[in-house]
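In: sequence and predicted model, in that order:
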Amino acid sequence: MAIVLGDNQYGKAENRLVVVSRDGAVHRIKDLTVSTSLRGDLADTHLTGDNSKVLATDTQKNTVHAFAKQAPVGEIEDFALRLGRHFVSSQEAITGARVLVDEHSWERIEDHDHAFVSGSAEKRTTAVTVDGDRAWVVSGLRDLVVLKSTGSEFHGFPRDEYTTLRETDDRVLATSVTARWRYRGGDVDWAGAHAAIRRLLLTTFAGRHSLSLQQTLYAMGEAVLLARPEVAEVRLSMPNKHHFAVDLSPFGLANDNEVFHAADRPYGLIEGSVLRDDAEDPGLAWHTLPTF
Ligand SMILES: O=c1[nH]c(=O)c2[nH]c(=O)[nH]c2[nH]1
């Protein structure tokens, strides 16, 4: 038996980067969390501690900062592609790079030039993978919290000796959407596509009558694929944020779906992928990313 080094990657995780750009007195801010990780000929450092091929994670962090100054950051996908390609093309030992970027939202306070209020917790995300001269882009969003107060049922599930859940034809449906979608190529209007896909996810959640969160998940992914030819696959992770109707009968009160306990945990966790059956090979697009 021999023991060998398996898959590995290394980098600087979660650089918190805020970039202020100025158009005269009017400022704009980009608030990003950037993680870089590199792959390649890295056996030496693991096996002998020879670091001659290790671009320090500190250097990776510095590169993120310098790139934010040297050219406009632009869309997160473009920024991530520039960084990933730089690491692969400038270091002989480095053959692959993964750059993750989350964009945090800020809104202008009224029409103020340089004062902002933090937006919702929702983040726009991208995961760019570079391997040699190839690249894949998986973009998405997370912490998009949505709720509908009717238009959701759940019944017809098996009942065994442990089942207590009541069937319902009218319940609150709430979730916090994590969505990732894989683009088919790199020639994409990143911001326009993101806005359109986000809208499709929201309008489908709102508009489709739901018989299960699973059905809603599939419908949301399907809506994106039907409308957006540049997307090959959508992966969704959607916790079922349960809202339990409170039993008010001890107080002699009827609860006509008005008063709920918003339970924090446990929560159902509904996850899945919706994809074209003729989608091309995803290559390394999802490599080392969480499945959902
Ligand atoms: O939409 C739902 N899917 C489930 O699988 C499930 N399980 C459960 O207890 N409630 C729900 N709701």
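Out: Sure thing, it's come through. Because the structure is predicted, anything quoted here is derived from the model rather than measured.
In: check contacts around whichever residue of the stretch 51-200 of the chain sits closest to the ligand.
Out: Nearest to the ligand in the stretch 51-200 of the chain, going by CB to the nearest ligand atom, is Phe154, at a distance of 4.4 Å. Every residue, glycine included, has its C-beta placed from N, CA and C. Phe154 is in contact with Leu165, Glu167, Thr168, Arg171, Leu211, Ser212, counting by CB atoms under 8 Å, 6 or more residues apart in numbering.
In: ok, Asp131 - contacts?
Out: Val88, Thr95, Gly96, Gly283, Leu284.
In: check the offset of whatever helix or strand the first one lives in from the chain's centre.
Out: Using DSSP states H and E, Val88 sits within helix 76-90. Helix 76-90 has its average C-alpha position 19 Å from the chain's average C-alpha position, going by CA atoms, centre = their mean, to the nearest Å.
In: measure the residue of the stretch 51-200 of the chain closest to the ligand to Lys61 for me?
Out: Phe154 sits 47 Å away from Lys61 when distances are taken as CB to CB, to the nearest Å.
In: Arg124 now?
Out: Arg124 is 22 Å from Lys61, where distance means CB to CB.
In: please apply the same query to Leu47.
Out: Distance of Leu47 to Lys61, given as CB to CB: 26 Å.
In: more neighbours: which of the two?
Out: Lys61 (17 against 10; other CB atoms under 10 Å).
In: can you pull the phi/psi pair for that one?
Out: Dihedral pair for Lys61: phi -60, psi -50, per degrees, to the nearest 10.
In: what helix or strand is the closest residue to it other than its chain neighbours located in?
Out: The shortest distance from Lys61 to any non-neighbouring residue, by CB to CB, 6 or more residues apart in numbering, is to Lys12 (4.4 Å). Under DSSP H and E, no helix or strand contains Lys12.
In: quick check, Lys12 in contact with Thr63.
Out: No - proximity of Lys12 to Thr63 does not meet the contact threshold set by CB atoms under 8 Å, at 9.2 Å.
In: identify the contacts common to the two.
Out: Joint contacts of Lys12 and Thr63 (CB under 8 Å, 6+ apart) are Thr36.
In: the ligand contacts on the stretch 151-292 of the chain?
Out: Residues of the stretch 151-292 of the chain lying close to the ligand (CB under 6 Å from any ligand atom) are Phe154, Leu165, Ser212, Leu213, Gln214, Asn240, Gly268.
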